[in-house]
Structures are given as structure tokens and as C-alpha cells.
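Q: based on what follows, work out the 3D shape:
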Amino acid sequence: MMAFIEQEANEKVEEIDAKAEEEFNIEKGRLVQTQRVKIMEYYEKKEKQIEQHKKIQMSNLMNQSRLKVLKARDDMIADLLHEARQRLAEIAQDPAMYSTLMEGLLLQGFYRLLEPKVTVRCRQQDVEMVQAAVNKNIPIYKEAVKSNIVVKIDMERFLPSDM
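A: Numbering: from 1, shown residues only. Here you go, the predicted structure:
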């Protein structure tokens, strides 16, 4: 009878050990899976942060290159304006050439505006030349556009004389 009780006790111990082992393995698997998910989420989050950081860097580089292009363009425009002002000052020294340029620019302005009434603002020393150019260009404009134009020279406000 002792052997039977001992056998029963051993079987019970084995059952308890097996059950404890099984519960341990289940709990261990659950903890491992939970930690694996946390680690995967952590690295996914890190990858997203790195990707976002790369996008921000690319955007910054693109903006810097755009700014360089815009600055270069502004510098070129400033140089062109400076050169145009110098050439215009040289042309203004030759009355015949200046008068021809004035006539062409006024006619071009009339064509671009296509307005029935135009007010022209000029330098005070150019009023007579502008008036002559306007009088010469009105018939040309009327014939080309087939409409009348009234041109007034602004005698109250003049452009700076150093232009």
C-alpha cells in the first residue's frame, strides 16, 4: 500500500511538474511575444523617425539650392539693371539716339497697354522730346490699332533727373 501511495504521489508530482512546465512555457512565450512586439514597434518608430529626418534634410537641401538659384538670379538682374542704366545714361548723351529710343519705347508702351487714355511720366528735362515723340507716334498707333489714343504728359510729377 505504501508503494501505491508513493506511486500516486510521484504521478501527482510529475503532473504538477508537467503543468508548471507547461504554464511556464506558455507564460515565457507570451512574455517573449510581448517583448518582440515592443521591440518591433520601437524599431518601426525609429525607422519612421529616420525616414522623416531624411525627408527634412532633403527638403532643407532643396530649399538651400532654390535660395542659391534665386540669389544668383537676383544678382544677374541687378547687374543687368545696372548695365542698362549705364547704357541709357550713355544714350541720353546723344540726343538723336535718345530721341529714337524714346519714340520706340513710347510706341511699344502704347501697343502693350492698348488703352484709350495714357499718362506718360518722364524726366523734366525730357518733356519737349517726349511731347515730340508722342505727336509722332499717335498717327502710327492709330493706323496700326484702328483706335484713338489720348496721351497726357504728367506735368506735376516727374521721374528723377538722374535716371
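Q: so where do the helices sit in the chain?
A: Remark: helices assigned in the chain by DSSP state H are 2-93, 95-113, 127-145.
Q: dump these to TSV, plus distance to Glu156, mean neighbour count and mean pLDDT.
A: Bear in mind the C-beta positions are built from the backbone N, C-alpha and C, glycine included. Formatted as TSV, the helices of the chain follow (distance: least, C-beta to C-beta, whole Å; neighbours: other C-beta atoms under 10 Å; pLDDT from 0 to 100):
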stretch	distance to Glu156	mean neighbour count	mean pLDDT
helix 2-93	23	10	94
helix 95-113	19	14	96
helix 127-145	12	15	96
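Q: could those be laid out in CSV, adding distance to Ser161?
A: Compiled in CSV, the helices of the chain are given as follows (distance: least, C-beta to C-beta, whole Å):
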stretch, distance to Ser161
helix 2-93, 10
helix 95-113, 14
helix 127-145, 12
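Q: now Arg85. Nearest residue, chain neighbours left out?
A: Nearest residue to Arg85, sequence neighbours excluded (C-beta to C-beta, 6 or more residues apart in numbering): Met163, at 7.5 Å.
Q: now do the one you found, the pLDDT please.
A: Met163 is assigned 71 on the pLDDT scale.
Q: tell me who's in contact with it.
A: Shown in contact with Met163 (C-beta atoms under 8 Å, 6 or more residues apart in numbering): 85, 88, 123.
Q: who's in contact with the second one?
A: Residues in contact with Leu88, defined by C-beta under 8 Å, 6+ apart, are Met163.
Q: repeat that for 10 Å
A: Contacts for Leu88 (C-beta atoms under 10 Å, 6 or more residues apart in numbering) come out as 98, 101, 163.
Q: how close does the closest residue to Lys136 other than its chain neighbours get to Asp126?
A: The shortest distance from Lys136 to any non-neighbouring residue, by C-beta to C-beta, 6+ apart, is to Glu103 (6.0 Å). Separation of Glu103 from Asp126 (C-beta to C-beta, to the nearest Å): 12 Å.
Q: ok, Ala92 next?
A: Ala92 is 9 Å from Asp126, by C-beta to C-beta.
Q: what do those two both touch?
A: With contacts taken as C-beta under 10 Å, 6+ apart, Ala92 and Asp126 have 98, 102, 163 as neighbours in common.
Q: for stretch 31-38, the distance to its chain's centre please.
A: Put simply, stretch 31-38 sits 46 Å off its chain's centre (C-alpha atoms, centre = their mean, to the nearest Å).
Q: can you tell me what sits against stretch 115-128?
A: Residues outside stretch 115-128 that contact it (C-beta under 10 Å, 6+ apart): 92, 98-99, 102, 106, 109-110, 129-131, 133-134, 141, 147-163.
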